[in-house]
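J.: The sequence and its predicted three-dimensional model are supplied below.
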Amino acid sequence: MTSLTDRRILLGVAGGIAAYKTADLVRRLRERGAEIRVVMTPGAQEFVSPLTFQALSGKPVHTDLLDTAAEAAMGHIELAKWAQLLLIAPVSANLLAKLAIGFADNLLTTLCLASEAPLVLAPAMNQAMWQHAATQANVQTLQQRGAQILGPASGSQACGDVGPGRMLEPNLLIERIATLFTPQTEVGQLTGKHIAITAGPTREPLDPVRYLSNYSSGKMGFALAAAAHHAGAEVTLIAGPVDLPTPRGVKRIDVLNALEMHAAAKQAADHCDLFIAAAAVADFRPQQISSQKIKKSEGNIEGTLRLIKNPDIVAAIAKRNHKRPFTVGFAAETEKLIKHAREKLSRKKLDMIIANDISDPDNGFNSDYNQVVVIDHEGEYSMSAALKSELAAALLEKIVARAFK
Ligand code: PMT
């Protein structure tokens, strides 16, 4: 469990029924050692009284931009500078719109403009409001500016609707916030190192229009590539067919099927210090690829599809006697996570394996989130569920600590 001891969090509360959950969030954040200052919008005060937050945070609650007494104690600019993280939970559709435009019409919106701390937003609103094109455009604008959006979760809502719009539960929010404070691999730390990463699915053709594949989006591998480049490494990203932009500064090699990925990986591994296999490679491919579209009338569709085994790319690299980089695999498992991952670690002769818990459909394949346990021959380290972009930096730090110790 990551400690939040002495972390300074400025917690904004907007109007919404979810504000009652924020009271519990404050209590739990303080239990984890964080220092909390609460800022409430006028709307939030209609749902929960400032006194509640004052009692739970142990500090005066800030509500008014033009409050001379509050300004005398800790002025709004001072408050903005004090914060190491600006968390708004819940954030309403109205507040998202104001933040996207850059309004400074109350204390909270003003603090958002004045603070250089990372902005984390936990939306809560009616499902139709969340899914409205205007709200989605505002979310995108804020994300492009670097804001982290945590949630919302789906489920039944106070208004009776069912759908996305529920604020994430406090314990889940805290786990995700904690990862934001995880120290990351420093810029320049990997200068001179070459890292090769596989990402995405492979596509094994049956005929000119059909193929076997899986739901991998490539997000995990691409996030690792971006983190490795950020830390100064030379990065080769071997990407299956995915719809993602190339991370800045990364050399990308596009491949379609397992054989192409194998060929590209072999070459990259000759020159790299660290090889990370985040791809979901198809274990088998059709024995024959029909040059013409297979016709239903030929009776082939109900017949047996003959498959042959694809080469195990990461195992081939890990089993090398020379030009062998530190080799890390992934194992996405729906059950017996550690047992299955350990079996792959030893069978493939890897140095490390990232056990990927995909029992929760919110994590893993084609999701923005992931939850992993890092396993090597010395032990295990559990990491909380987090956005792949955040997880990648923390994960890379764990890998690098072993690979280049
Ligand atoms: O792409 P995303 O949507 O972001 O999702 C990320 C992910 C869930 C795909 C990723 O985090 C992940 O877990 N990848 C491994 C998926 C998996 O279960 O692979 P596997 O158990 O089939 O293989 C284990 C390891 O061997 C993996 O490192 C894999 O890349 C590698 N392998 C497998 C088969 C093969 N022929 N060659 C390989 O190199």
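T.: Good, I have the coordinates.
J.: how much space between residue 345 and residue 214?
T.: Using Cβ to Cβ, to the nearest Å, residue 345 is found at 21 Å from residue 214. Heads up, the C-betas are built off the backbone N, CA and C, glycines and all.
J.: Compare the two (neighbour count), which wins?
T.: More neighbours surround residue 345 than the other of residue 345 and residue 214, with 22 against 17 (other Cβ atoms under 10 Å).
J.: my guess is the more buried one meets residue 378, correct?
T.: No - Residue 345 is beyond contact range of residue 378, at 11.5 Å (criterion: Cβ atoms under 8 Å).
J.: what ranges do the strands span in the stretch 201-350 of the chain?
T.: 204-207, 210-212, 234-239, 251-254, 274-277, 284-286, 307-309, 326-333 (DSSP state E, counting those that start in this stretch).
J.: Can I get the ones you listed in a markdown table including distance to the ligand, mean neighbour count and mean pLDDT?
T.: Formatted as a markdown table, the strands of the stretch 201-350 of the chain follow (distance: least, Cβ to the nearest ligand atom, whole Å; neighbours: other Cβ atoms under 10 Å; pLDDT from 0 to 100):
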| stretch | distance to the ligand | mean neighbour count | mean pLDDT |
| --- | --- | --- | --- |
| strand 204-207 | 11 | 18 | 96 |
| strand 210-212 | 13 | 17 | 96 |
| strand 234-239 | 10 | 26 | 98 |
| strand 251-254 | 15 | 16 | 98 |
| strand 274-277 | 3 | 28 | 98 |
| strand 284-286 | 9 | 18 | 97 |
| strand 307-309 | 8 | 11 | 97 |
| strand 326-333 | 3 | 24 | 97 |
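J.: now the ones you listed in a markdown table, with distance to residue 165?
T.: As requested, the strands of the stretch 201-350 of the chain are exported to a markdown table (distance: least, Cβ to Cβ, whole Å):
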| stretch | distance to residue 165 |
| --- | --- |
| strand 204-207 | 39 |
| strand 210-212 | 37 |
| strand 234-239 | 34 |
| strand 251-254 | 36 |
| strand 274-277 | 36 |
| strand 284-286 | 41 |
| strand 307-309 | 43 |
| strand 326-333 | 29 |
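J.: closest to residue 226 out of those?
T.: Taking Cβ to Cβ, strand 234-239 is the member of these nearest to residue 226, at 8.4 Å.
J.: and the gap between residue 292 and the ligand?
T.: Using Cβ to the nearest ligand atom, to the nearest Å, residue 292 is found at 28 Å from the ligand.
J.: which parts of this protein sit against the ligand?
T.: 198, 200, 216-220, 258, 277-281, 283, 310, 312-314, 329-332, 344, 356, 364-366, 388 (Cβ under 6 Å from any ligand atom).
J.: Mind checking which of these are buried?
T.: Among those, the ones that count as buried by 16 or more other Cβ atoms under 10 Å are 198, 200, 216-220, 258, 277-281, 310, 312-314, 329-332, 344, 356, 364-365, 388.
J.: Which ones among these map onto helices?
T.: In helices, judged by DSSP state H, the following of those are found: 219-220, 258, 313-314, 344, 388.
J.: Which members of those are the farthest-apart pair?
T.: Farthest-apart pair in those is 258 and 388; separation 22.9 Å (Cβ to Cβ).
J.: list the contacts for residue 113?
T.: Applying Cβ atoms under 8 Å, 6 or more residues apart in numbering to residue 113 gives the contacts 102, 104.
J.: so what's it scoring on pLDDT?
T.: Looking at residue 113, its pLDDT is 94.
J.: do the one 3 residues further on as well
T.: Taken from the predicted model, the pLDDT recorded for residue 116 is 86.
J.: Please renumber the chain so that the first residue is 34 from this point on.
T.: Got it, first residue is 34 now, which makes that one residue 149.
J.: What's the local residue count around it?
T.: Neighbourhood size, residue 149 [other Cβ under 10 Å]: 9.
J.: Cross-check the contact I'm expecting between residue 242 and residue 326.
T.: Yes - with contact defined as Cβ under 8 Å, residue 242 reaches residue 326; the gap is 5.4 Å.
J.: With pLDDT as added columns, please give the ones in helices among the buried ones among the residues of the chain next to the ligand in TSV.
T.: Output for those, formatted as TSV (pLDDT from 0 to 100):
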residue	pLDDT
252	94
253	96
291	98
346	98
347	98
377	98
421	87
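J.: Any chance of these in TSV with distance to residue 160 as columns?
T.: Formatted as TSV, those follow (distance: Cβ to Cβ, whole Å):
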residue	distance to residue 160
252	24
253	28
291	40
346	42
347	41
377	40
421	25
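J.: closest to residue 109 among those residues?
T.: Using Cβ to Cβ, these come closest to residue 109 at residue 421, 34.6 Å.
J.: In the stretch 84-233 of the chain, where is pLDDT below threshold?
T.: Along the stretch 84-233 of the chain, segments meeting pLDDT under 70 span 102-107, 215-220.
J.: at 90 what do you get?
T.: 97-111, 149-151, 176-181, 187-196, 205, 208-222 (pLDDT under 90).
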